[in-house]
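1. generate a structure from the sequence data that follows.
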Amino acid sequence: MKSGFGNSKGQTSSLNPRAKPLKRPSQARAVFTVEAIYEAFVRIWRRDGWSRLTTREVALEAGVAVGTLYDYFPSKEALISGYVRHCMEGLLQRLETEVVQAHDLDWRARIRHLITLTCAPDEIRLPLFSPAVQAIEHQFTEAKHHRRVYDELSQKWHAVFAACLDLPERPADTTIDAWVIMAWGGRRYCATAQPAAQAQTAWLSEMETMICGRLAGTL
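-> Take a look at the predicted model:
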């Protein structure tokens, strides 16, 4: 995977070039440094809001030199771009380890966990989807970036269904893709509309009932 959100070949980005992370950490020490930067970024965002957040303040909060932060993130837009990508990679990794590689789960348990992680992951820091993030995402993302996320998530869902060797019948690829749109699109809309917790719980329950019922042949 490329750093941040990569450009598609032949396309010209409409974003400020400074809105993109410069590189990815590869050595353990660099990974630790970037993680500390993300932690500081989230603390300051929660405390002061986006408009008052500065890269210098993030560097001071993280205990790193401003120049070190700029080695990775030339602007706060680049910082949130990298952070969103970091969150997405974390979700994809959880899907791989907790669902695709969970050989002790039967297909029902595997699919329920797939839906839960996709629709309502445990986000202990800044939510990947929140009104605050969505209000500014035009500053650091484009349509092709959303497409990339969809493609990666769809590939992971296909891998999950391929791992369900005990399924009565594997759904068509087009059906799996439709379920990805329903799950991911619903999650994004919940962040926008902010329905009551009860309504969100009901939505998640209906997603599980519908998909599992369809797989079991009861719907």
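2. from here on, just use CA atoms for contacts and neighbour counts.
-> Fine.
3. what's the burial count for Q200?
-> Residues within reach of Q200, counting by other C-alpha atoms under 10 Å, total 17.
4. how close does the most centrally placed residue in the chain get to Q155?
-> Closest residue to the average C-alpha location of the chain: M88 at 2.8 Å, with C-alpha atoms, centre = their mean. Here the distance between M88 and Q155 works out to 14 Å (C-alpha to C-alpha, to the nearest Å).
5. in this protein, what helix or strand scores lowest on average pLDDT?
-> For the chain, counting by mean pLDDT, DSSP states H and E, helix 131-136 ranks last in confidence among helices and strands (a mean of 81).
6. what residues of it count as buried?
-> By neighbour count, with 16 or more other C-alpha atoms under 10 Å as the criterion, the buried positions of helix 131-136 are 131-133.
7. run the chain-centre distance for the helix or strand following that helix.
-> Taking DSSP states H and E as the definition, the helix or strand that follows helix 131-136 towards the C-terminus is helix 143-163. Here the centre of helix 143-163 is set off from its chain's centre by 11 Å, with C-alpha atoms, centre = their mean, to the nearest Å.
8. ok, then the element right after helix 143-163?
-> If you walk from helix 143-163 toward the C-terminus, the next helix or strand you reach (DSSP H and E) is helix 173-193.
9. same for that next one, what does it pack against?
-> Contacts defined by 3 or more C-alpha pairs under 8 Å, 6 or more residues apart in numbering; DSSP states H and E place helix 173-193 against helix 107-119, helix 131-136, helix 143-163, helix 197-216.
10. quick one, what contacts V100?
-> Contacts for V100 (C-alpha atoms under 8 Å, 6 or more residues apart in numbering) come out as 159-160, 163.
11. equivalent analysis for T201, please.
-> When contacts are taken as C-alpha under 8 Å, 6+ apart, T201 is in contact with no other residue.
12. how far away is it from C190?
-> As judged by C-alpha to C-alpha, T201 and C190 stand 11 Å apart.
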